[in-house]
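Trainee: just a sequence and a predicted model for now, questions to come.
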Amino acid sequence: ESFAAPAGVIGVGVDQELISAVPSSNPTFVTRNFTTNEIAYCRAQPSPPSSFAARWAGKEAVFKSLGVKSKGAAAAMLDIEILNDEKTGAPAVTLHGSAKAAADEKGVSKILISLSHSETVAIAFAQATSS
Amino acid sequence: ESFAAPAGVIGVGVDQELISAVPSSNPTFVTRNFTTNEIAYCRAQPSPPSSFAARWAGKEAVFKSLGVKSKGAAAAMLDIEILNDEKTGAPAVTLHGSAKAAADEKGVSKILISLSHSETVAIAFAQATSS
Amino acid sequence: ESFAAPAGVIGVGVDQELISAVPSSNPTFVTRNFTTNEIAYCRAQPSPPSSFAARWAGKEAVFKSLGVKSKGAAAAMLDIEILNDEKTGAPAVTLHGSAKAAADEKGVSKILISLSHSETVAIAFAQATSS
């Protein structure tokens, strides 16, 4: 069977960002906050600024779903990686370093995520779950 | 007891649409994408364009919660029906055809949904669950 | 162990509000709809109108997650209290009176919530869960 195991909910997070307010053309901002794979993905999309803004909103939403404050620090945002499944195109979260440690401490085994953007605004929803 | 059985989470989906960007006054668009009951409901609301846009966002969010890409095809959107409970007014999802098959394949037994619109923007959140 | 118990899903709610449309400078509106602790919190924030609007969206989202319609009545909104955890800053929901009764009737033991606002719009997501 290929059924996903149903998961219990530990926390939720929602975030919105004005696309014009996310400085995705600033290389320092980008390399501080996005992994190499995220950057490659966003730059290959029809609208890279929209894709960077949606991921930025996604990272903030993941922080909120863990019940910890966004540190604003470089390492913290890099520790939340959001990449799209090659087959389905759906975004998926991988945690590293301090974000992984925070999740482990709370019994979070998986974070579900969804992203959306209009012409001007990106929104994201994250759900921290425990199987 | 009338308690709902608690459900496990399989996927989440969020979507937003500019109300002005959803061509709800185009009869071909409407009949291709909305069921007879959905059309009757939306046309009876104070602002039909807002109601059609919210439902459109809802259908996109349901697709995302199933981890499959929106096909953009007529049949696919018609297979996701969002109607409001007569007693509570809350929206509820019924799947048909290909959408039902995709849900079955992933062990999804119920999809929870919530819709919201301002003057200009409709947003929707969907959650695919397994009991 | 400090693990939160994973919870089952009973309902979801999403809401958005134009910050300028929430009359947070009207003392009658504020005292009818927000608790003393909520008012103190919102007034201490960098942008009280944004904080009041986010909480207002949050209360609407909680109503939707319970599958009951917002009454628009004073008592109902006061019965949903959203305060921020002193340690983490994350918002948490406490129900009183009629809202508590509605939750009990549906087997809802906890409501998770997340809030977000841009310069102009506040959005909220709520999830009613059963442990």
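Mentor: In hand now; what should we look at?
Trainee: so which bits of chain A are right by chain C?
Mentor: Counting by Cβ under 8 Å from any Cβ of the partner chain, chain A comes close to chain C at A:7-18, A:60-61, A:64-65, A:67-69, A:105-107, A:121, A:123, A:125, A:127, A:129-131. Placement of C-beta: from N, CA and C, glycine included.
Trainee: now, of these, which are buried?
Mentor: Listed as buried from the residues of chain A next to chain C are A:7-17, A:60-61, A:64-65, A:67-68, A:106-107, A:121, A:123, A:125, A:127, A:129-130; burial here means 16 or more other Cβ atoms under 10 Å in any protein chain shown.
Trainee: show me what A:Val121 is bridged to.
Mentor: Taking DSSP bridges as the rule, A:Val121 bridges to A:Leu18.
Trainee: residues contacting it?
Mentor: A:16-19, B:16, B:121, C:118, C:121 (Cβ atoms under 8 Å, 6 or more residues apart in numbering or on different chains).
Trainee: let me have those residues in CSV, extended by pLDDT and distance to A:Pro49.
Mentor: Shown next, in CSV, are the contacts of A:Val121 (pLDDT from 0 to 100; distance: Cβ to Cβ, whole Å):
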residue, pLDDT, distance to A:Pro49
A:Gln16, 96, 15
A:Glu17, 96, 11
A:Leu18, 95, 11
A:Ile19, 96, 6
B:Gln16, 96, 17
B:Val121, 95, 19
C:Ser118, 90, 16
C:Val121, 95, 19
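Trainee: closest to C:Ile80 out of those residues?
Mentor: Using Cβ to Cβ, C:Val121 is the member of these that sits closest to C:Ile80, with 20.5 Å.
Trainee: how near is that closest one to A:Gln16?
Mentor: Relative to A:Gln16, C:Val121 is positioned 7 Å away (Cβ to Cβ, to the nearest Å).
Trainee: contact partners for A:Val93?
Mentor: Contacts for A:Val93 were tallied using Cβ under 8 Å, 6+ apart; they are A:58, A:62, A:80-82, A:110-113, A:126.
Trainee: could you list which of these also contact chain B?
Mentor: Restricting the contacts of A:Val93 to those near chain B by Cβ under 8 Å from any Cβ leaves A:112-113, A:126.
Trainee: of the residues of chain A next to chain C, which belong to strands?
Mentor: A:8-18, A:121, A:123, A:125, A:127, A:129-130 (DSSP state E).
Trainee: all the helices of chain A, in order from the start?
Mentor: Counting by DSSP state H, chain A has these helices, from start to end: A:27-33, A:36-43, A:48-65, A:74-78, A:97-105.
Trainee: hey, least reliable of those helices by pLDDT?
Mentor: Note on the helices of chain A: lowest mean pLDDT is at helix A:74-78, with a mean of 72.
Trainee: where does chain A get nearest to chain C, residue-wise?
Mentor: Closest approach between chain A and chain C, counting by Cβ to the nearest Cβ: A:Gly8, at 2.2 Å.
Trainee: partner residues bridging that residue?
Mentor: Beta-bridge partners, per DSSP bridges, of A:Gly8: A:Ser130.
Trainee: test my guess that it contacts A:Gln127.
Mentor: No. Between A:Gly8 and A:Gln127 there is no contact under Cβ atoms under 8 Å: 10.4 Å.
Trainee: name the residues contacting each of those two.
Mentor: Shared contacts of A:Gly8 and A:Gln127, counting by Cβ under 8 Å, 6+ apart, come down to B:Val9.
Trainee: what about A:Leu83, how many neighbours?
Mentor: By other Cβ atoms under 10 Å in any protein chain shown, 15 other residues sit near A:Leu83.
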